[in-house]
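Asks: Turn this into a model:
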Amino acid sequence: MNEYPLTPIDPMGLPASVEFLIFFKTLGFVLHMIPMNIWYIGVLLSTICISFGKGHFRTVGIRLISVMPILLALGINFGILPLLFTQVLFYPQYYTAGILIAVPWFSVIVLLLFAYYGVYLYAHQVKKGSITLLGYGAGWMSSVIFLIIGFMFTNNFSLMTNPTEWMNIFSRTTIAGAVSGIALNLGDPTLFPRYLLMIGIAITTTAVWIVVDARFSRVQQSTDYCKYVNKFSSTLYTIGLIWMFGSGSWYILGALSDQIFNQAMQTSWVKIIFGLAGFSAIVPWLWLIVKSNFESPSSVWVIVCLQLIVVVSNAISRQWVQIAEIERFMPLSRDPVNWQWSPLIVFLVLFISSLFVIAWMVRRIVKLPPQRTTPM
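Replies: Numbers count the residues shown, from 1 in each chain. As a prediction, the model looks like this:
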């Protein structure tokens with residue numbers, strides 16, 4: 001443990017138990033992943049559909065971008081929760097990695113602002129039915145920026161668990177003994193397969209969302225469009241499934257250390273989670289292929305629940321791997337626990353209240369009177 005440049009033990013200790021922090025970190029990550037997956041790929045897919053598509057293909061893009069402002073707001077706000085608990089629980093690793101790649105890491109804030117307003121501009125012009133060159137540019141810009149932001153996050157979180165690379169990056173980028181912060185963690189063998197796996201999960205989640213939107217949208221769609229959506233989503237999910245298997249196999253069999261893999265296979269519940277993360281996407285894919293239509297709401301809820309298993313199992317397996325990798329050089333029990341009940345109670349009250357508020361807002365949106373046609 002002493003061979004790595006870790007910060008000393010915080011005398012104030014952790015504000016809650018490790019189990020409490022891990023639980024809310026994982027819960028927040030799941031809540032963040034669901035909308036994030038949709039806008040991560042959905043903005044790019046929408047831009048492609050509207051820029052080059054006609055008929056129902058173009059309608060898919062219009063429907064996708066119409067909900068992006070809401071999904072962006074939900075995804076970004078839910079993303080604060082896992083990031084907060086990561087900083088609390090893994091502060092020696094999080095801040096070390098952040099300092100070493102400070103310039104690209106802090107650029108995420110600026111990039112996100114441009115992408116956020118770009119989506120709003122693009123969605124507004126699509127809603128009006130008149131897209132200018134600026135609007136198309138905003139759509140493409142936001143699509144590329146989201147992919148860059150995902151790559152930056154993967155850089156930071158992979159570097160957190162790779163302490164052997166800390167001093168290498170410091171040696172390469174130091175200026176007069178100070179960290180320049182201009183590096184990226186490109187030498188990490190897990191970087192690219194992790195990044196590509198995230199894209200694969202996002203593709204499958206977006207495919208399911210397109211079905212949900214066609215069935216429950218207040219914009220009444222034609223029967224022909226709904227049939228088209230079923231075929232389109234099946235094809236998109238197939239692409240995502242192949243993408244997941246390719247990148248997941250690369251990650252598990254080629255990039256993940258033997259120590260972590262063997263440790264996972266020796267723990268029963270972890271082995272089950274790994275299995276679900278690796279193969280659960282087959283079930284919703286088969287459901288999409290078998291179901292010729294999704295006229296029944298129950299059939300849509302089935303595919304939603306099946307995809308939720310895919311997202312949750314991948315989120316939990318990712319959290320377990322992160323913890324296992326960090327505990328190789330720093331046990332999580334290193335810091336004492338000093339329960340800080342006042343802020344924790346405030347957090348729990350506000351968190352639960354916010355979930356009720358979001359549920360109420362979504363319910364109000366669902367109950368809005370239907371529109372007859374899709375704009376444009």
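Asks: Now the residue of the chain most remote from its centre, what are its backbone angles?
Replies: Using CA atoms, centre = their mean, the residue of the chain lying farthest from its centre is Ala176. It sits 37.7 Å away. Here is the backbone geometry of Ala176 (degrees, to the nearest 10): phi 60, psi 40.
Asks: Repeat that for the one 3 residues further on.
Replies: Listed backbone geometry of Val179 is phi -70, psi 130, with angles given as degrees, to the nearest 10.
Asks: now the one 10 residues further on
Replies: When quoted as degrees, to the nearest 10, the phi and psi of Pro189 stand at phi -70, psi -20.
Asks: Quick one: neighbours of it, just the number.
Replies: 15 (other CB atoms under 10 Å). For every residue, glycine as well, the C-beta is placed using N, CA and C.
Asks: Can you check the pLDDT for the closest residue to it other than its chain neighbours?
Replies: Nearest non-adjacent residue to Pro189, counting by CB to CB, 6 or more residues apart in numbering: Ala255, 4.4 Å away. For Ala255, the model assigns a pLDDT of 91.
Asks: Now do the helices for the stretch 101-250 of the chain: every range, in order, please.
Replies: Under the criterion DSSP state H, counting those that start in this stretch, helices of the stretch 101-250 of the chain are mapped to 102-128, 133-160, 164-173, 191-216, 223-249.
Asks: Out of those helices, which gets nearest to Leu45?
Replies: helix 191-216 (6.4 Å; CB to CB).
Asks: Point out where the stretch 1-150 of the chain drops to low pLDDT.
Replies: Residues of the stretch 1-150 of the chain that meet the criterion pLDDT under 70 lie in 1-3.
Asks: Now with 50, please.
Replies: Within the stretch 1-150 of the chain, the stretches with pLDDT under 50 are 1.
Asks: Also the stretch 251-376 of the chain?
Replies: Those would be none, if you go by pLDDT under 50 across the stretch 251-376 of the chain.
Asks: Show me which residues of the helix or strand encompassing Arg364 are buried.
Replies: Here Arg364 is covered by helix 341-366, with elements defined by DSSP states H and E. Within helix 341-366, the residues that count as buried by 16 or more other CB atoms under 10 Å are Phe347.
Asks: ok, now stretch 251-267?
Replies: Those would be Tyr251, Ile252, Ala255, Leu256, Ile260, Gln263, Ala264, for stretch 251-267 by 16+ other CB under 10 Å.
Asks: Tell me, what's the model's pLDDT at the nearest residue in space to the fourth one that is not next to it in sequence?
Replies: Counting by CB to CB, 6+ apart, Thr190 is the residue found nearest to Leu256 once chain neighbours are left out, at 6.6 Å. Predicted confidence (pLDDT) for Thr190: 94.
Asks: quick one, what contacts Thr190?
Replies: By CB atoms under 8 Å, 6 or more residues apart in numbering, the contact list for Thr190 reads Ser158, Asn162, Tyr251, Ala255, Leu256.
Asks: Please tell me how far the residue nearest to Ile65 when sequence neighbours are not counted sits from Ala138.
Replies: Nearest residue to Ile65, sequence neighbours excluded (CB to CB, 6+ apart): Ser46, at 4.2 Å. As judged by CB to CB, to the nearest Å, Ser46 and Ala138 stand 12 Å apart.
Asks: Equivalent analysis for Val366, please.
Replies: 28 Å.
Asks: How about Pro35?
Replies: Per CB to CB, Pro35 is found 20 Å from Ala138.
Asks: so the residue nearest to Ile65 touches Val67, yeah?
Replies: No: under the criterion of CB atoms under 8 Å, Ser46 makes no contact with Val67, lying 9.8 Å away.
Asks: Which of the two has more residues huddled nearby?
Replies: Per other CB under 10 Å, whichever of Ser46 and Val67 has more neighbours is Ser46, with 30 against 19.
Asks: Helix or strand for the more buried one, just tell me which one.
Replies: Taking DSSP H and E as the criterion, Ser46 maps to helix 18-52.
Asks: Pull out the buried residues from the helix or strand that comes right after that helix.
Replies: Elements were assigned by DSSP H and E; along the chain past helix 18-52, the next helix or strand is helix 55-89. By 16+ other CB under 10 Å, the buried positions in helix 55-89 come out as 56, 58-69, 71-72, 74-75, 78-79, 81-83, 85-86, 88-89.
Asks: same question, stretch 110-125
Replies: Buried residues in stretch 110-125 (16+ other CB under 10 Å): Leu111, Leu112, Ala115, Tyr116, Gly118, Val119, Leu121, Tyr122, Ala123, Gln125.
Asks: Can I get that stretch in CSV? Just the C-alpha atoms.
Replies: Extracted in CSV, the C-alpha atoms of stretch 110-125 (Å, rounded to 0.1, in the frame of the first residue of the first chain):
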residue,chain,number,x,y,z
VAL,A,110,-17.3,23.2,-20.9
LEU,A,111,-18.1,20.5,-23.4
LEU,A,112,-21.2,19.5,-21.5
LEU,A,113,-22.5,23.1,-21.6
PHE,A,114,-22.1,23.2,-25.4
ALA,A,115,-23.7,19.8,-25.9
TYR,A,116,-26.6,20.7,-23.6
TYR,A,117,-27.5,23.9,-25.3
GLY,A,118,-26.8,22.3,-28.7
VAL,A,119,-29.5,19.7,-28.0
TYR,A,120,-32.0,22.3,-26.9
LEU,A,121,-31.4,24.4,-30.1
TYR,A,122,-31.7,21.3,-32.3
ALA,A,123,-34.8,20.0,-30.5
HIS,A,124,-36.4,23.4,-30.7
GLN,A,125,-35.9,23.7,-34.5
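Asks: With that, I have no additional questions.
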